[in-house]
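A.B. asks: need coordinates for the below:
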Amino acid sequence: MTDGVDITADAGGPPPGGYAAARTRLLRQEAPAGPGRRTALARLTDDWLAALFTAGVTGATGRSSRPADPGPDPDPDPPTGQAHAPRRVPRRGAALVAVGGYGRGELSPRSDLDLLLLHDETADPAAVAALADGIWYPVWDLGLALDHSVRTPAQARTTAHGDLRVQLGLLDARHIAGDPSLTTALRTAVLADWRNQAPKRLPELRALGEERTRRHGELQFLLEPDLKEAHGGLRDLTALRAVAASWLADAPREGLAEARTRLLDTRDTLHLATGRATDRLALQEQDQVAAGLGLADADALLRRVYEAARTVAYADEVTWREVGRVLRARSARGRLRGLLPGGRPGRGRAPGTSGDAAERTPLAEGVVVQDGEAVLARAARPRQDPVLPLRAAAAAAQAGLPLSPHAVRRLAAAAGPLPVPWPAEAREQFVTLLGGGPPTVGVWEALEAEGLITRLLPDWERVRCRPQRNAVHRWTVDRHCVETAVRAGALSRRVGRPDLLLVAALLHDIGKGWPGDHSVTGEVIARDVAARIGFGTADTGTVATLVRHHLLLAETATRRDLDDPATVQAVADAVGSPETLGLLHALTEADALATGPAAWSAWRASLVADLVRRATAVLAGEPPRHRDDGGTSAGTTPVQRRLAAEALSAGGPVLTLSPGVPEGAPAVPGGEPEPVGVELHIAVPERAGLLPAAAGVLALHRLTVRSADLRLLEPAAECARAGADGPVLLLSWRVAAEYGSLPDAARLRADLLRALDGSLGIAARLAEREAAHPRRHGVRPPPPRVTVAPAASRHATVLEVRAQDAPGLLHRIGRALEDAKVRLRSAHVSTLGSNAVDAFYLTGTDGAPLSGSRAAEVARAVQNALD
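C.D. replies: Here you go, the predicted model:
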């Protein structure tokens, strides 16, 4: 027995010792596993089997070793005086055919030999049986696994019709010996059958793959993966070949050949290391297999396997999506033909089918929806728009749509590099992508498949496909980071800076690609990445602190005495502020939830929450940092004072529209990100309904509010110096067009006047538009949260609103406040990615802060309006 192959058996027919010795020499060669060795092994086996076939056809098969009970002689009693006449299969009546993996030439050292003995209807059954015995028994005598069948072409097709796996094997049929016309005719017929039956058979094939995934899992995340059956393995590569053979769809070819080679090389080496026909890469075999492939260690082996599996899994996802699209289009065309007179097909395409006739709906600037995918608009110019990859990805994730592989490929080939630090829009789109919920994962994988992620974040390469040996982890390092960002998005209503939470979640394990404590190393990398994507000094420091201490709360809560004052003081000293503590609390929970079910529990959550409460109490001894306390006159600019005077003089709204901070400009001092879009200033003599009216007009014009500030100028302050005798409301907006160009100021003013006098009908028009074109949501966002901030201001009651950004959101909030009969002293509105984080400073009609019960009543009213 050598390398698992018995070379001592005495096989009949042509002496098999030559094949066994040659096979052993080939598998013992120093050259590593690879396509060359597999091809050589297949050719060697072909030659041996062809010799066996030829000997059987000519009747010179000789003796073959058989099992103990070979069965009765097919003709035991010939007529007296007659010897047994040799029964032979005509050379033109039989063929030996390799199918399945052997048909593809993918012979691993312990692979089965998948063989079909094909014969025509005229062949003598006894002669065919004898020929089969002359081939099968020598294979068994060598200890090789054999999957065999004997059929006519008609029988083969009938069996394939009833068994999808048989049909898949026949798609790879390859002639070895005998009558080549039989093999050619069968191949032609099987391919024709497959293509004709594809609309029925492909859904069956997909169902088989989904069932395999449920049983065997995702190859790219398993510590002991099945190289063949797990999703992303060799079985999926076979399915992709079958889909391509149907002519309905084809897989992305980039990287598939290399992925196939890597998986087959790993299986070859595994067979030689174990001496068994196994596809499971067990932990105890990984070091030996890694050495056999010339790799440093088992981690390098798993990373190599994961990269291949990820390529296959992505191609599998894209291919089946395309198959579904094609089958839906065919079904729609069939229904359309049924509606036409006489069933004649029309000249146009059915609605939703591919091609120029397919509907294209705007999604973002340069991005449209077509056939259920986010694709580039015809007018998109990736070379002139370096933010387009992130904008397209963010729009796709927020809409719950896949990003077209053709669009990603075009972006990878044509999009120019982003300047460093990134412009504000790029950072905003990046945060929006991270906050897209579960659809973010698929969009991220599409970008990664074309190398866009490592182009945007070079440090990501160190954690790509990196295995985690801790059994608690269900994902590789990179996927875990993305999953943590997804989990953090669901917790974004709990924090004041969801953008920092999302970025820290993505980067929290970035240090695992380097030696040493990954939290310490990660802090340095996170600081560099945050600065690269355009955050200011303070925000960069916060992200770095979150990464450095992302394990602090969980480890302290479960491993230290919380009744020891020093424990809580250490946590407070590490985080430094209540805001950072809140972010760290959310990050801790997101990290644990993304790790696996064993990493988070009600008990662990209660311990962490207790620690956070104690640390918050310690930090409360320091002066908390809040926004403006609601004062009405501090910080106004000469432009605002001029507008206030003009508004009072005109007795109506005055507005200006001016460019914002140039794209690509560095962050403003203090760490706050520079704004995006254009500035819109509105001054109006104080009157009810201004906030909902102005916000509604902006929503009707498809203007996205990036930030907004509202303040009331009292007569005793700037208004008096401007010659005014009444209070003026000043609204400063930072807005950006959802897509298309901005409206002019005159049109905005005219619509604002109509909104204030009630003739515009904002609510009805917004509802009508939403009904006609409902917004796509890939995943249900977390519910809005409306809270009263205790002791946030001495002069007003502060109402905080955190919600998913959407057209008309600020309009609904403003209407609810108007209906509650409260006075709005100031407002501070921020849009961070897809999250709205707003604060409203409210008083009663007497100018005093609201009572506790009244504040709670107003909060419920706003909550109900958003729900």
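A.B. asks: by mean pLDDT, flag the weakest helix or strand of this structure.
C.D. replies: Ranking every helix and strand in the chain by mean pLDDT, DSSP states H and E puts helix 720-721 at the bottom, with a mean of 50.
A.B. asks: show the end-to-end separation of stretch 805-825, please.
C.D. replies: End-to-end distance of stretch 805-825: 23 Å, with C-alpha to C-alpha, to the nearest Å as the criterion.
A.B. asks: can you pull the buried residues of that stretch?
C.D. replies: 805-818, 820, 822-825 (16 or more other C-beta atoms under 10 Å). All C-beta spots, glycine's among them, are computed from the backbone N, C-alpha and C.
A.B. asks: and for stretch 753-765?
C.D. replies: In stretch 753-765, counting by 16+ other C-beta under 10 Å, buried: 755-756, 760, 762.
A.B. asks: between these, which sits nearest Glu523?
C.D. replies: Ile762 (47.8 Å; C-beta to C-beta).
A.B. asks: quick check: the closest one touching Leu698?
C.D. replies: No - in this structure, Ile762 is not within contact of Leu698 by C-beta atoms under 8 Å, at 10.2 Å.
A.B. asks: re the thing from before, can you name the two of the buried residues of stretch 753-765 that are farthest apart?
C.D. replies: In terms of C-beta to C-beta, the buried residues of stretch 753-765 reach their longest pairwise distance at Leu756 and Ile762, which sit 10.4 Å apart.
A.B. asks: which of the buried residues of stretch 753-765 sits closest to Thr183?
C.D. replies: Thr183 has its nearest neighbour among the buried residues of stretch 753-765 in Ile762, at 73.1 Å by C-beta to C-beta.
A.B. asks: ok, the closest one to Leu730 distance?
C.D. replies: 21 Å (C-beta to C-beta, to the nearest Å).
A.B. asks: over to Ala379?
C.D. replies: Counting by C-beta to C-beta, the gap from Ala379 to Leu730 is 37 Å.
A.B. asks: so after the least confident helix or strand of the chain, what's the next helix or strand?
C.D. replies: Along the chain past helix 720-721, the next helix or strand (assigned with DSSP states H and E) turns out to be strand 728-737.
A.B. asks: what is that next one packed up against?
C.D. replies: When contacts are defined as 3 or more C-beta pairs under 8 Å, 6 or more residues apart in numbering; DSSP states H and E, strand 728-737 sits against helix 638-650, strand 678-685, helix 690-700, strand 703-713.
A.B. asks: which one of the ones you listed is the most hemmed in?
C.D. replies: Ranked by mean neighbour count under mean count of other C-beta atoms under 10 Å, those are led by helix 690-700, which reaches a mean of 25.
A.B. asks: start and end of stretch 447-456, how far apart?
C.D. replies: First-to-last distance for stretch 447-456 - C-alpha to C-alpha - comes to 10 Å.
A.B. asks: and the contacts of that stretch?
C.D. replies: Stretch 447-456 has contacts (C-beta atoms under 8 Å, 6 or more residues apart in numbering) with 252, 254-255, 310-311, 314, 389-390, 393, 403, 405, 408-409, 411-412, 415, 417-418, 430, 444, 460-461, 464.
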